[in-house]
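Visitor: Need coordinates for the below:
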Amino acid sequence: MKDGFLKAAALSPALRVADCAYNAGQIVSALNDCARRGVKLAVLPELALTGYTCGDLFFQQALQQAALAGLGEILRASEGLDLVALVGLPLMVNGKLYNCAAVVCRGRLLGIVPKTCLPNYGEFYEKRHFAPGSKTVRTMTVCGQETLFGTSLLFACRQMPEFVLGVELCEDLWSVLPPSTFHAMAGATVIANLSASDETVGKAEYRRDLVSNQSARLLCGYLYASAGHGESTQDMVFAGHNLIAENGALLAESQPFAGGDAETELDCARMLAERARNTSFVPSEEGYQTVSFDLEVTDTVLTRRIDPAPFVPGDPLRRAQRCELILRMQADGLAKRIEHTHAKTAVIGISGGLDSCLALLVAARAMRQLGRPAADVLAVTMPCFGTTKRTRSNAEILCQELGVSFREVNITNTVRSHFADIGHDGQTPDVTFENSQARVRTLELMDIANLHGGFVVGTGDLSELALGWATYNGDHMSMYGVNAGVPKTLVRHLVQYEADTASSEELRRVLVDILDTPVSPELLPAKDGEIAQRTEELVGPYELHDFCLYYVLRFGFGPRKIFRLAQAAFAGRPEYPDAVLYKWLRSFYWRFFAQQFKRSCLPDGPKVGSVTLSPRGDWRMPSDASAAAWLAQLEELNIQ
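Guide: Sure thing, here's the model as predicted:
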């Protein structure tokens, strides 16, 4: 439960139709197992105490009374269980029978939610037996306890404010305007659905999409527990298809007829973060009553997969599709800017590294889109003290293979002249030594662009912007930054995708060699012809920084939670013990806050994902904000 995580399960225990005593025993056994596994929310199917397929037996008082007796048994058994359970049963209220969900916690009947939408088509005839629930909440006595009855009920955990539960039943979700929509607007972060959805051809796919899409629309966690083995097969077959989704992502599923349960951890804090930044999500609590309950606060062991590369799809097919889409977005943005400015050329500083390689690939695509020759792209290599033969050669071969114009401008003498102008000895490898080269390169590019009636295409990526790993008014500046929305971990896959789909073997070979080249600004003199300055040795591994960047910008998570997520994501990686994770997480925050001034004056660039640092886009912060609160939270971790 700490850090907003809630362990939840959707269950389908085997039952016997109309045998409430047996079914209650099955439910109690399942709940005991859940409690031992640390589950805090357990959802059972619709009418689980009686079975969904009782037909006209629902009118029999013996069945109704047996269901209440079964609920009483479950209430008594739950007294020692630290969880909330939702159990389906029929309930007679004022002479009408309702299809209900009973919400149980530690022996207490928190409330009863009746089904709103009753299907009466195809194989369903619920209106024959049940009345639809009402939003009006009333007080009644059930199993000797005074409780609330109505659809406008929410259930909130005192110890975990992020966990607010809303309840609907089966057809409610399939309706035009599901009750869960109003539950979420009233504050529910988790929706539980007690269902008895029979299995027909194609229905599992539709059900899966329905649950995932509703969780995305409502920015919530959604549990769907469906009836399974033991229901009558006289007219239908039930598959126990249980699903758990969170904000559009399916986290856990028991396959139809597999006989299993769906169990995972929901991140309720993530749902609140999503809602806070989404101005279309407008809260409305009108007509709702909230029942509070208590659970013991414990550490939730994470079993859900935490992706160590959240910007990069793990599935190869999806990754290739994503890469193609991003390249098209980048190229289309650049093509529009070229078209609008009537630029005769697009000028790019090409180094033989990843970022300039990607920018060049995008520029070549943009020219093709405009029906113009690749030669209208002018690639300029500007060797100086740190340039190696490998990167210089790769830059030239890449330009030849793409058919772009190529020019070399050796800036060594210009930089030395600049050192003399400012009084630098030209030998001390300090920040002035490095940044002077970057600024001279930008000066050359800008003036070449002026000379040829074009503009400079920037190559810096999202990760570098986050860390401030750019020279202010050097490589930090351009006239259009095509890579500004692409994190470094994704840059690699975009270049790899172009290598995999290359039009020639030589183009593929040079792209692969660029991928194998250590990331470096090459601003310090080479050693024995090899790169002497390796970026990730100085600022840290980009995969760690991108991981942190994603959760900082996308959800606003604090350092403590991000550290915990990183522990789970990089578990089993010997190069990332806790001390290393802590070191680079701390470095990220320090750099992120200190370097905001560079991000406050960025050139335009296309947004390609849900995270961007453009001051006109997703992220705005003052350049002189203090990082003290974030660093203090890291200190509390006490990592040595």
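Visitor: what's the helix or strand for the residue lying farthest from the centre of the chain?
Guide: Distance to the chain centre peaks in the chain at residue 420, reaching 51.2 Å (criterion: C-alpha atoms, centre = their mean). Residue 420 is located in helix 412-422, with elements delineated by DSSP states H and E.
Visitor: For that helix, which outside residues touch it?
Guide: 383, 384, 385, 425, 426, 432, 433, 436, 437, 440, 444 (C-beta atoms under 8 Å, 6 or more residues apart in numbering). Where C-beta positions appear, they are placed from N, C-alpha and C, glycine not excepted.
Visitor: mind putting those residues in JSON lines, secondary structure included?
Guide: Below are the contacts of helix 412-422 laid out as JSON lines (DSSP: H, G, I helix; E, B strand; the rest coil):
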{"residue": "383", "secondary structure": "coil"}
{"residue": "384", "secondary structure": "coil"}
{"residue": "385", "secondary structure": "coil"}
{"residue": "425", "secondary structure": "coil"}
{"residue": "426", "secondary structure": "coil"}
{"residue": "432", "secondary structure": "helix"}
{"residue": "433", "secondary structure": "helix"}
{"residue": "436", "secondary structure": "helix"}
{"residue": "437", "secondary structure": "helix"}
{"residue": "440", "secondary structure": "helix"}
{"residue": "444", "secondary structure": "helix"}
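Visitor: Looking at those, which one is closest to residue 56?
Guide: For these, the minimum distance to residue 56 (C-beta to C-beta) is 86.1 Å, reached by residue 437.
Visitor: Surely residue 13 and residue 26 touch.
Guide: Yes. When contacts are counted by C-beta atoms under 8 Å, residue 13 is listed as touching residue 26 (4.2 Å).
Visitor: OK, contacts around residue 348?
Guide: 356, 359, 360, 363, 377, 378, 379, 380, 445, 456, 457, 459.
Visitor: likewise residue 472?
Guide: 435, 597, 598.
Visitor: Swap in 7 Å and give it another go.
Guide: residue 598 (C-beta atoms under 7 Å, 6 or more residues apart in numbering).
Visitor: State the distance from it to residue 233.
Guide: Distance of residue 472 to residue 233, given as C-beta to C-beta, to the nearest Å: 72 Å.
Visitor: The nearest residue to residue 144 once chain neighbours are set aside: how many residues sit nearby?
Guide: Spatial nearest neighbour of residue 144, chain neighbours left out: residue 72 (7.7 Å); criterion: C-beta to C-beta, 6 or more residues apart in numbering. Residue 72 has 16 neighbours, counted by other C-beta atoms under 10 Å.
Visitor: Now residue 72: which helix or strand?
Guide: Assigned by DSSP H and E, residue 72 belongs to helix 61-77.
Visitor: what helices or strands is the lengthiest helix in the chain leaning on?
Guide: Taking DSSP state H as the assignment, the helix of the chain that covers the most residues is helix 316-341. Counting contacts by 3 or more C-beta pairs under 7 Å, 6 or more residues apart in numbering; DSSP states H and E, helix 316-341 packs against helix 354-369, helix 488-500.
Visitor: Among the ones you listed, which comes closest to residue 223?
Guide: Among these, the nearest to residue 223 by C-beta to C-beta is helix 488-500 (32.1 Å).
Visitor: Taking helix 354-369 as reference, get the angle to the closest one.
Guide: 50 degrees (axes from the mean of the first three to the mean of the last three C-alpha atoms, to 10 degrees).
Visitor: and residue 187, that's in a helix?
Guide: No. Looking at residue 187 with three-state DSSP, it is coil, so not inside a helix.
Visitor: Now it: closest residue in space that isn't a chain neighbour?
Guide: residue 164 is the one closest to residue 187 (C-beta to C-beta, 6+ apart), at 5.0 Å.
Visitor: picking that back up, need the contacts of residue 348 in TSV with distance to residue 629 and pLDDT, can you?
Guide: Shown next, in TSV, are the contacts of residue 348 (distance: C-beta to C-beta, whole Å; pLDDT from 0 to 100):
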residue	distance to residue 629	pLDDT
356	37	95
359	37	98
360	41	98
363	42	98
377	46	98
378	47	98
379	45	97
380	44	97
445	40	98
456	38	98
457	38	98
459	34	96
